[in-house]
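J.: when you get a sec, could you give me coordinates for this:
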Amino acid sequence: MKKLLSWLDNYLITLIAGFLLIFLPLYPKWPLFDILPGYNVRVRLEDVLILSTVIYFFIQVIRKKIKLKQAPLLKPMFIYIVIGLLSTISAIFITKTIYPEYIQIAKVFLHWFRRIEYFSLFFIFFFALKKPSQITKFLPLLFLAVLGISVYGFGQKYLYWPAYSTMNREFSKGIALYLTEHARVLSTFGGHFDLAAYIMLTIIPLIIIGFLHKNALIRTLALILSLVEYWLLILTASRTSWVGYIIALIIAFTLLFLKKKPFWVISRWFTVTALSVFIMISFGDMSERFGHIFKLEGVKAFLTSPFKAPPEDGIPMDSSLTPEEQLNIIATKTDIPPTPAKDGQAPAKDRQKPADVYYDPYPELQAYLATKTGETINTSYSANALKYGLSAGIRLDTLWPNAIKALKTNPLLGTGYSTLVKEHVWEFTVAESTDNDYLRLLGETGILGLISFLAIFVIILKTLFIAFKQTNNPLYYGLFSSGIAITIGLLVNALYIDVFEASKVAYGYWSIIGLILALAILIIKPKQHVKKNR
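T.: Sure thing, here's the model as predicted:
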């Protein structure tokens, strides 16, 4: 019994990390309870598990079983957290961009604590890896998580398995939704962008291991799983994550020039890239979404329609149904359908709308308001939305200008977390988004926040590159090249998506990079010790 307790004392954190590696991406976003009334962000089971693990982690720190100083990201992460706190205090008392009421102050501190929660996973996984050989125990767990996510995503697309979204206040209550023809797959994630970013994080290690692992069976399984996961990426139709994936591929294979012969690297990189581009152009909706920007069209769409009919009581997530048809699904007896458009109003089919809008609800909305209140509203799409698509139009017209305005208000510390989408200081917004992590960092925490946050990645990239050069183990340098590649790929992704604020993406990145960075330190330290003793 003593031996078992002693072993658990040393390795319980490793067991917990292995469980979290599978659980965090696979568990759907089912809420437990509201943390703030009327707000999108809710407490979920993973928050409870992470908090419990952090408490145990700090008990081990107090007992000196874990030495925090060994973690290379301790200082830069601490500096960023301090700057985030200073930004919050500044927003409340100096710039007064946070309204002095409980719920507004609680919201800004909630976002500050969420950054701490995300960072905590790095430390949990960093100290979970006790020796280099343990990395081979974590990789199968990661692959099982990828397989589970892929299977569930295909079930959503082709078999009408339920989806749980956090894209708006009502959906985030845990309502089961069903994807329609043009809806993008989100698997167990809260949105398709989150899923696509996670795929980018995990598919690169799969591909590299598929070429470098010494075991032929593992190589084959890794490549098959990477192909399965890539099809899931296509179903998300996320252009930004696809670009991040292509750039990450280039980075990973470029680094391998330092370890492998040029023909070995070029032949494999070209094969993977050519196949990726061919699939993207030929199948799914992603090529059409690129066409919205470059005015091109995909070759054709294939396997984009479900294999079976939707459930009779299903709630469509992204529907082309008319309001009357939607009410037939969810209406109560007190619901009154909108009155059809009056003569002289432009019917929906004659209206100019963005290329990425499949169903335009504005004519029906205008008709409904005219019937009920006599009001008229501007239902025209902006020039940017019509030219580049609705997705880009929202960013160019509203989200990015808001962040720049906040930066001008306080260049050093910004206007505080969760302040960029409201029009008035007193306004309580139910969700936050800038869809550009750099502009969000600048707007919320200023230049100091951006610099301190990016410093974290400078240390990650430097440490992984040093370890990459020092080892000749194919699995290890393959993981280091993958770690560098997915870091750069995610930084590219952050140009268009708030990836570091998306909980499941943040969980995935800091978990994976914690393991890879721990492996790097275990490789570097013995080398440094040998050099000192020479």
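J.: look at residue 28 and tell me its secondary structure.
T.: Each residue gets one of three states, and residue 28 gets coil by DSSP: H, G, I helix; E, B strand; the rest coil.
J.: for it, phi and psi?
T.: Summarising the backbone geometry of residue 28 under the convention degrees, to the nearest 10, its torsions are phi -60, psi 170.
J.: verify the contact between it and residue 161 for me.
T.: No. Counting by Cβ atoms under 8 Å, residue 161 is not a contact partner of residue 28; they are 10.6 Å apart. Every C-beta, even on glycine, is put in place using the N, C-alpha and C of the backbone.
J.: which secondary structure elements does the helix of greatest length in the chain contact?
T.: With DSSP state H applied, the helix covering the greatest number of residues in the chain is identified as helix 437-470. Helices and strands touching helix 437-470, as assessed by 3 or more Cβ pairs under 8 Å, 6 or more residues apart in numbering; DSSP states H and E, comprise helix 74-93, helix 400-409, helix 474-493, helix 503-533.
J.: so which of those helices is the most packed in?
T.: With neighbours defined as mean count of other Cβ atoms under 10 Å, the helices and strands packed on helix 437-470 peak in mean count at helix 474-493, which reaches a mean of 24.
J.: what's the mean pLDDT across that one?
T.: Averaged across helix 474-493, pLDDT comes to 97.
J.: for it, packing partners?
T.: When contacts are defined as 3+ Cβ pairs under 8 Å, 6+ apart, helix 474-493 packs onto helix 135-159, helix 192-212, helix 239-255, helix 437-470, helix 503-533.
J.: any chance of a markdown table for the helices and strands packed on helix 437-470, columns distance to residue 268?
T.: Formatted as a markdown table, the helices and strands packed on helix 437-470 follow (distance: least, Cβ to Cβ, whole Å):
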| stretch | distance to residue 268 |
| --- | --- |
| helix 74-93 | 34 |
| helix 400-409 | 38 |
| helix 474-493 | 12 |
| helix 503-533 | 21 |
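J.: among those, which is nearest residue 168?
T.: Smallest distance to residue 168 across the helices and strands packed on helix 437-470 (Cβ to Cβ): 16.2 Å, for helix 503-533.
J.: quick one: mean pLDDT for that closest one?
T.: Predicted confidence along helix 503-533 averages 84 (mean pLDDT).
J.: okay, the angle between that helix and helix 74-93?
T.: Orientation of helix 503-533 against helix 74-93 (axes from the mean of the first three to the mean of the last three Cα atoms, to 10 degrees) gives an angle of 140 degrees.
J.: so helix 503-533 versus helix 239-255, what angle?
T.: Counting by the same axes, to 10 degrees, helix 503-533 points 20 degrees away from the direction of helix 239-255.
J.: residue ranges with poor pLDDT in the stretch 201-350 of the chain?
T.: Along the stretch 201-350 of the chain, segments meeting pLDDT under 70 span 284-350.
J.: tell me which stretches of it form helices.
T.: In chain order, the stretch 201-350 of the chain shows helices spanning 216-236, 239-255, 262-282, 286-294, 323-330, with DSSP state H, counting those that start in this stretch as the criterion.
J.: residue 521 is nearest to which of those helices?
T.: Of all those, helix 239-255 sits nearest to residue 521, with 18.7 Å by Cβ to Cβ.
J.: tell me what angle that closest one forms with helix 216-236.
T.: Helix 239-255 and helix 216-236 meet at an angle of 150 degrees, taking the same axes, to 10 degrees as the criterion.
J.: which strands and helices sit next to helix 239-255?
T.: Applying 3+ Cβ pairs under 8 Å, 6+ apart, one finds that helix 239-255 makes contact with helix 192-212, helix 216-236, helix 262-282, helix 286-294, helix 474-493.
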